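>>> Predicted model follows, preceded by the sequence.
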Amino acid sequence: MGSLAIFPFKSEDIDVFKRNISEALSQPAVEAVLCVGYEQNACYDAIAGMAEHNTALTVILQDRLGTKRPGKGDGMNTGLQYFLDRTDHARVHFYDSDIKTFSREWITRAEHAADNGFQVVRHYFPRASTDAMITWNITKTGFALLWPQTRLPAIEQPLGGELLLTREVAEAMVDDARVLAQSDWGIDTLYTWKMFNHGFSLYETYREVGKIHKLYGRLTDIKSMLIECFAAVQSLQSEPVFNSTIRHEVEQPQGVPESVKRKTAYDIEGTLTLLMDGWTDRQQELLDYFPERISLPMLECQKRPRFGFMNEETWFEVYHILLQEFRADDPDWQE
Ligand code: GDX
Ligand code: MN
């Protein structure tokens, strides 16, 4: 019995990562920690070195399971398969390895909710005002627009990598070919959607310390995440949702720490020029899919960056069009 804690990782700050592993190992419900690496790099070697001195810690490389870009999805699914095939733990936790505010308390709170009968526990947290833009603009928006009658859009953190699953939930995930195929950043969207559609009960804990983690430079750094998360929503759009509701409890948000209030999550000045640069003829033609009150200000971006016109209503309209027309593998659409 007991729990397995999994950290997917690529290349992270080794001190932060090691501290997180130690926190997880020190939590009484955790019997083992599994780190799933993208490749054998310096970070992998450092964690493998730590594992030599600790029998409860295992480090492996991710398998090629999916059909999309090999990314975090292959990492998480490799972890789930290990959990099911190689252990008999009752519960599995996932945590990002770069969280500076992580502690064993996160695990304790999730375990407590699972003790109360919840099958899935997700953590949500106060975010810097410019952080979690993909959560807000892509995933929550997509769920709200496609399944407004359900509780899917009410899930506070549908994209978070911090969650607990009981064994039956893990089994349902790897039994679904679409989930296994989603090897890229779209994995979190697929997990959330699938868990909801299966009717698994969900508890969301509020982590007041916030998720302080590695930040981005220009928004180009999350270009692939943006596209892959949108494409994941798009791939689900004609799927029926069987449940309008599930057992779902959400902790009330408490305070927001000063450190989170003051943080800027990316380089805004560096990002603005992206609106101006590199327009091709074809990209200009693709604007014909949109009404003029959208296409004209977008065209003007070549002379000066504009974005004030993109209010909530306009984004709603754009999102609808993108669901129909966007081609995730087309470089002009990506830009
Ligand atoms: N094994 C493996 N393979 N791990 C990966 C890979 C990969 O290809 N890519 C990233 N990771 C690890 C990474 O080392 C970290 O531990 C975690 O996955 C998340 O990656 P990070 O670069 O920190 O992404 P970010 O932007 O923090 O995104 C995470 O948080 C988002 C959020 O907070 O909303 C990630 O879990 C997203 O899915 C989530 O939406
Ligand atoms: Mn991160």
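It's in. Ligands and ions are numbered 1, 2, ... in the order given.
>>> Please list all residues in contact with whichever residue of the chain sits closest to ligand 2.
Ligand 2 sits closest to H213 of the chain, with a gap of 3.7 Å, by Cβ to the ion. Just so you know, the C-beta spots here come from the backbone N, C-alpha and C atoms, and that holds for glycine as well. Shown in contact with H213 (Cβ atoms under 8 Å, 6 or more residues apart in numbering): D96, D98, I99, K100.
>>> Which ones, among those, also lie beside ligand 1?
When the contacts of H213 are checked against ligand 1 using Cβ under 6 Å from any ligand atom, the ones in range are D96, D98.
>>> Measure how buried M225 is and give me the count.
20 (other Cβ atoms under 10 Å).
>>> Repeat that for E228.
If you count neighbours by other Cβ under 10 Å, E228 ends up with 25.
>>> The one helix or strand it maps to - what's its average pLDDT?
Secondary structure from DSSP states H and E places E228 in helix 223-236. The average pLDDT within helix 223-236 is 97.
>>> Going by contacts, tell me the helices and strands next to it.
helix 133-134, helix 141-146, helix 187-198, helix 312-325 (3 or more Cβ pairs under 8 Å, 6 or more residues apart in numbering; DSSP states H and E).
>>> roughly how far is that helix from the heart of the chain?
11 Å (Cα atoms, centre = their mean, to the nearest Å).
>>> how far off helix 312-325 does that helix point, in degrees?
With axes from the mean of the first three to the mean of the last three Cα atoms, to 10 degrees defining the directions, helix 223-236 sits at 70 degrees from helix 312-325.
>>> pull the CA atoms of helix 223-236 into CSV?
Presented in CSV, the C-alpha positions along helix 223-236 are these (Å, rounded to 0.1, in the frame of the first residue of the first chain):
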residue,chain,number,x,y,z
LYS,A,223,5.1,28.6,-27.9
SER,A,224,5.0,24.8,-28.2
MET,A,225,3.1,24.5,-24.9
LEU,A,226,0.5,27.0,-26.2
ILE,A,227,0.0,25.1,-29.5
GLU,A,228,0.0,21.6,-28.0
CYS,A,229,-2.5,22.6,-25.3
PHE,A,230,-4.8,24.2,-27.8
ALA,A,231,-4.5,21.2,-30.2
ALA,A,232,-5.4,18.9,-27.3
VAL,A,233,-8.6,20.8,-26.7
GLN,A,234,-9.3,20.9,-30.4
SER,A,235,-8.9,17.1,-30.6
LEU,A,236,-11.6,16.6,-28.0
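>>> Find the centremost residue of this structure, please.
L159 (3.5 Å; Cα atoms, centre = their mean).
>>> So which residues on the stretch 151-300 of the chain come close to ligand 2?
H213, K214 (Cβ under 5 Å from the ion).
>>> where does the stretch 151-300 of the chain have low pLDDT?
Along the stretch 151-300 of the chain, the model assigns pLDDT under 70 to residues 264-265.
>>> wouldn't I212 be in contact with K263 here?
Yes - here I212 lies in contact with K263, judged by Cβ atoms under 8 Å, at a distance of 7.4 Å.
>>> more crowded one of these two?
When neighbours are counted by other Cβ under 10 Å, I212 and K263 differ, and I212 comes out ahead with 19 against 16.
>>> Between I212 and K263, which contacts overlap?
Counting by Cβ under 8 Å, 6+ apart, I212 and K263 have no common neighbour.
>>> Torsion angles phi and psi at the residue in the stretch 151-300 of the chain that ligand 1 sits nearest to?
Here the stretch 151-300 of the chain gets closest to ligand 1 at one residue, G161, 2.7 Å apart by Cβ to the nearest ligand atom. When read as degrees, to the nearest 10, the backbone of G161 gives phi -90, psi 10.
>>> ok now do it, which residues does it touch?
G161 sits next to P8, K72, M76, F94, Y95, D96, D188 when contact means Cβ under 8 Å, 6+ apart.
>>> Could you do L190 as well?
By Cβ under 8 Å, 6+ apart, the contact set of L190 is G73, R178, V179, Q182, A232, L236.
>>> Can you tell me whether I have it right that I107 is in a helix?
Yes - secondary structure of I107 (DSSP: H, G, I helix; E, B strand; the rest coil): part of a helix.
>>> secondary structure class for the nearest residue to it once chain neighbours are set aside?
Using Cβ to Cβ, 6 or more residues apart in numbering and skipping the chain neighbours, the partner closest in space to I107 is Q27 (4.3 Å). Classification of Q27 using three-state DSSP returns coil.
>>> neighbours of Q27, just the number please.
20.
>>> In contact with it, which residues?
Per Cβ under 8 Å, 6+ apart, neighbours of Q27: A5, R104, I107, T108, E111.
>>> Between all of those residues, which two are separated the most?
A5 and T108 (11.8 Å; Cβ to Cβ).
>>> Compare these two (neighbour count), which wins?
Neighbour totals were compared for A5 and T108, and A5 leads with 31 against 14 (other Cβ under 10 Å).
>>> Which element, helix or strand, includes P70?
Using DSSP H and E, P70 sits in no helix or strand.
>>> Can you tell me the closest non-neighbouring residue to it?
Once flanking residues are discounted, P70 sits nearest to S183: 5.3 Å by Cβ to Cβ, 6+ apart.
>>> Right, I'll call it a day here.
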